[in-house]
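Visitor: Generate a structure from the sequence data that follows.
(2 chains)
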Amino acid sequence: MAFRTHVLVCAGTGCVSGDSFATAKALEAEVQKQGLASEVKVVRTGCQGFCAQGPIVIVQPDGIFYCGVNQKSAAHLVQEHFLKGRPVKNLMYSPPAEKSPIPALKDIPFFAKQKLVVLRNRGIIDPERIDDYIAVDGYTALVKAVTEMTPEQIIGEIKRSGLRGRGGGGFPAGIKWETCRHAAKARGVEPVVVCNADEGDPGAFMDRSIIESDPHAVLEGMIIGARAIGCQEGFVYIRNEYPLARQRLLHAIEQARDYGFLGKDILGTGMDFDIEIVQGAGAFVCGESTALMASLEGRVGEPRAKYIHTVEYGYQNRPTNLNNVETWANVPLILNRGAQWFAGMGTGEVGDNPWNGSSGTKVFSMVGKVNNTGLIEVPMGITLREIVFDIGGGIPGGRKFKAVQTGGPSGGCLPEELLDMPVDFDSLTGAGSMMGSGGMIVMDDQTCMVEVARYFISFLTEESCGKCVPCREGLRTSLDALNRITQGKGSPEDIDLLHEIGAVMQDCCLCALGTSAPNPVLSTLQYFKEEFNAHIKDHICPAGACRDLIEYVIDPEKCDGCHACVAGCSTKAIMGDVKKQHILDKTLCIKCGACVEMCKREAINKVPRSHAA
Amino acid sequence: MPRLSIEDLKRIREDAKQTLTLRSGTARARVTVHMGTCGISAGARDVMGALLKEIENLKIDDVIVTTSGCAGLCSREPMATVELAGQPPVKYVDLKPDRIVRVLKEHVLGGKIVTDFALASGCETTG
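Guide: Purely as a prediction, here's the structure:
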């Protein structure tokens, strides 16, 4: 039989922290009690986007919008509205008298396709006030973890949720925690938990923003992890370039100590655990687990071979559990709302195999040639097209999309053909890129893919620690080849060389910095081979970006001698009297393009360099 | 500060919820200036300073001014969220010191949304 009325109770994180589950239960109980169970159905829905007035209840088909419905008012609502047919006025949301002159946030694509879990408190709580975090159910997961759950149950819940490491590797967090706990027990050595906040990818700022907006979520995740693994000591390894994030984290740790969430006898349960902040010194390689631990110990940040895992022998040779900022920030919500809820988002499913799909959401920082640059959180499995065009708002100036780079310097560039690919750990890896920690750089048709590959290889060449030969020499040789190609001096053999070095590095490098370093080169070679060929065979940069392969010329038909470009040229390469046609001296021109910006008549053109020059 | 028991935590949560939801407080509005690294580098500190100064000038005592992290749309920072009691929050973008003063006078005090720099109203979708 069809129900006459559906009661939609919001079960978004905002309303749940206003205890909407209790509201739903009270509604159901009263519906039952009044004998309406066959007519009225209570449904838990996703976020309604009006969290400030939660818990939200919507009655269909009447379309009546109630707000702030708590356990108490639920019974009254059922009796009045569903039994007697009289909508309850004082629970209704009263909209402003006139129609709102601005759109709703939910109708703006940038916000509509996002789903906030890790960033649920962004822009809502004051990150420097622990009471604000407590108000949105902060530290309730910790209470649950220390009073109601055994360490094995916590680990089981994290495993079933399918939470995989957000730092890039995608290793299931539950399995890591379990291995670390067992290793510590077997050896009788005290384990350590570490939070990796050494976010070094160019263009990435997810972890910085999470710490800046919600530092206590990270701390709570770590304390729960410590409880599950059995640690008394934890570290946050944060890069020195993040002063605000570090300061907010320090402040949060002090507040958590004052309240007794850190230190001796946490919440009176006998658990001891404290967290110390360690600052990195700006080396990219220190984001790699073994290098990070060497740096934690005060040694030079160099990786070691990993046939012995850090979960067994890590910091001070103790079993060490390293997770990244975003992974830790997911933990409290998984405990509060259950593995089932978490696995319900994304492409994973709840079960014994956390490798199965990608559960939950992912935070990305979207930068480059895209209209809405910013920090976004989306469910796993969303397509790249939705991210770039719906959330990102497309390419500025109506230009054409060329590629999106995911995973930072270790990731790859994906072309337009792959835009409908779902974003999850396994699809991205399969396409020759990777999830990485969540940097996403959008490129348009004016971006040269050879130059992009050259840029990332040059970044990695500087950041390579130099300990192993394949990485140290492989990167340098690759960079030389890419430099030759972007200068128009490359040969077809350079392509073979890049493939060969890439394959050797993937097989032989000591750490993930080296084994993933060829990704930007190999993925651009795979998807943008014709651009490499144009540089090598025709000495042309199709995007017009490589300075050695272009030149600027003044169109005598269009130039009216207004002199504007002369003022804009820093090397005085443009000459000519006012109202007379100007001349550009190619030997002085550094091809910065400033004159093009100044010219009002579009008389200066960028063209492929002529071979005679 | 004495260390908390689990009961204390519940009490703090109830108290803190009241101020965070504006539901039963005496404040007429809350203005949240988004101060992540992106906001600050775009000028959020100046916006905050101008707001506080004007509130002092006008001797307003029933508006809560607070800070929060990045609101996500970094390309439109500095941003602020204005929430009048009983109404959905409104997000403002591309703010400057003179603009936040206008928002204070016209929206917070006058109740009329400043459509010139208002982006949208409502909250974001949570999981």
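Visitor: what are the ranges of the strands in chain B?
Guide: B:29-34, B:63-68, B:80-84, B:90-92, B:118-121 (DSSP state E).
Visitor: Can you lay out the ones you listed as a markdown table showing mean neighbour count, mean pLDDT and distance to A:G18?
Guide: In short, each C-beta sits where N, CA and C put it, glycine included. Below are the strands of chain B laid out as a markdown table (neighbours: other Cβ atoms under 10 Å in any protein chain shown; pLDDT from 0 to 100; distance: least, Cβ to Cβ, whole Å):
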| stretch | mean neighbour count | mean pLDDT | distance to A:G18 |
| --- | --- | --- | --- |
| strand B:29-34 | 24 | 93 | 17 |
| strand B:63-68 | 19 | 91 | 18 |
| strand B:80-84 | 24 | 93 | 15 |
| strand B:90-92 | 26 | 95 | 21 |
| strand B:118-121 | 21 | 92 | 19 |
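Visitor: Buried ones in stretch B:98-116, by neighbour count?
Guide: Buried positions in stretch B:98-116, judged by neighbour count with 16 or more other Cβ atoms under 10 Å in any protein chain shown: B:R99, B:I100, B:V101, B:R102, B:V103, B:L104, B:H107, B:V108, B:I113, B:V114.
Visitor: was I right about B:P78 contacting B:T32?
Guide: No - using Cβ atoms under 8 Å, B:P78 makes no contact with B:T32, being 11.7 Å away.
Visitor: which residues touch A:S359?
Guide: A:161-164, A:342-343, A:345-350, A:380 (Cβ atoms under 8 Å, 6 or more residues apart in numbering or on different chains).
Visitor: give the contact list for A:F110.
Guide: A:N372, A:G374, A:I376, A:I391, A:G392, A:G393, B:G72, B:L73.
Visitor: Looking at the strands of chain B, spot the one closest to A:P101.
Guide: With Cβ to Cβ as the measure, strand B:118-121 is the member of these nearest A:P101 (7.7 Å).
Visitor: For that closest one, list the C-alpha coordinates in CSV.
Guide: C-alpha atoms of strand B:118-121 as CSV (Å, rounded to 0.1, in the frame of the first residue of the first chain):
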residue,chain,number,x,y,z
ALA,B,118,26.3,38.5,-1.9
LEU,B,119,26.9,35.1,-3.4
ALA,B,120,24.2,32.9,-2.1
SER,B,121,22.2,31.9,1.0
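Visitor: Quickly check: it near chain A or not.
Guide: Yes - contact of strand B:118-121 with chain A (Cβ under 8 Å from any Cβ of the partner chain) involves B:A118, B:L119, B:A120, B:S121.
Visitor: What's the local residue count around residue 77?
Guide: By default, I'm working from chain A. By other Cβ atoms under 10 Å in any protein chain shown, the residues close to A:L77 number 23.
Visitor: Chain B is the one I meant
Guide: When neighbours are counted by other Cβ under 10 Å, B:E77 comes out with 26.
Visitor: where are the low-confidence patches of chain B?
Guide: For chain B, the stretches flagged by pLDDT under 70 are B:1-2, B:21-26.
Visitor: so what's A:K264 up against?
Guide: So A:K264 contacts A:D272 (Cβ under 8 Å, 6+ apart).
Visitor: State whether it is indeed within a strand.
Guide: Yes - using DSSP: H, G, I helix; E, B strand; the rest coil, the secondary structure at A:K264 is a strand.
Visitor: does A:N372 really touch A:D390, like I thought?
Guide: No - the criterion here is Cβ under 8 Å, and A:N372 misses it with A:D390 at 9.8 Å.
Visitor: ok, the two, which is more surrounded?
Guide: Neighbour count, other Cβ under 10 Å: between A:N372 and A:D390, A:N372 has more, with 22 against 18.
Visitor: Any figure for the gap between the spatially closest residue to A:H309 that is not a sequence neighbour and A:V311?
Guide: Spatial nearest neighbour of A:H309, chain neighbours left out: A:T179 (7.5 Å); criterion: Cβ to Cβ, 6 or more residues apart in numbering or on different chains. As judged by Cβ to Cβ, to the nearest Å, A:T179 and A:V311 stand 5 Å apart.
Visitor: Which one of these two is surrounded by more residues?
Guide: Taking other Cβ under 10 Å, A:T179 and A:V311 do not tie; A:V311 has more neighbours (24 against 17).
Visitor: Would you mind listing the buried residues in the lengthiest helix in chain B?
Guide: What stands out as the longest helix in chain B, according to DSSP state H, is helix B:6-21. Buried positions in helix B:6-21, judged by neighbour count with 16+ other Cβ under 10 Å: B:L9, B:I12, B:R13, B:A16, B:K17, B:T19, B:L20, B:T21.
Visitor: Contact partners for the fourth one?
Guide: Right, B:A16. A:D131, A:D132, A:I134, A:A135.
Visitor: at 10 Å what do you get?
Guide: With contact taken as Cβ atoms under 10 Å, 6 or more residues apart in numbering or on different chains, B:A16 is in contact with A:I125, A:R129, A:I130, A:D131, A:D132, A:Y133, A:I134, A:A135, A:V136, A:G138.
Visitor: isn't the second one right up against B:I64?
Guide: No - the pair formed by A:R129 and B:I64 falls short of the contact definition of Cβ atoms under 10 Å, at 11.9 Å.
Visitor: Show me what from the stretch 151-300 of chain A comes close to chain B.
Guide: A:205, A:208-215, A:241-245, A:248, A:255, A:257-261, A:263-269 (Cβ under 10 Å from any Cβ of the partner chain).
Visitor: one step back: find the residues that touch each one of A:R129 and B:I64.
Guide: Contacts common to A:R129 and B:I64, judged by Cβ under 10 Å, 6+ apart, are B:T19, B:L20.
Visitor: In space, what's closest to the closest residue to chain A within chain B - neighbours in sequence excluded?
Guide: Using Cβ to the nearest Cβ, B:G69 is the residue of chain B that sits closest to chain A, at 2.6 Å. Of all residues not flanking B:G69 in the chain, A:S213 sits nearest, at 2.6 Å (Cβ to Cβ, 6+ apart).
Visitor: Domains in chain A, by residue range?
Guide: Per automatic domain parsing, the structural domains of chain A span A:5-91, A:130-343, A:449-538, A:550-608.
Visitor: Return the most buried member of the ones you listed.
Guide: domain A:130-343 (a mean of 21; mean count of other Cβ atoms under 10 Å in any protein chain shown).
Visitor: which residue packs closest to B:S5, ignoring adjacent ones?
Guide: With Cβ to Cβ, 6+ apart, the residue lying closest to B:S5 is A:G268, at 5.5 Å.
Visitor: ok, the one you found to B:I6 distance?
Guide: 8 Å.
Visitor: Also A:E557?
Guide: With Cβ to Cβ as the criterion, A:E557 and B:I6 are 81 Å apart.
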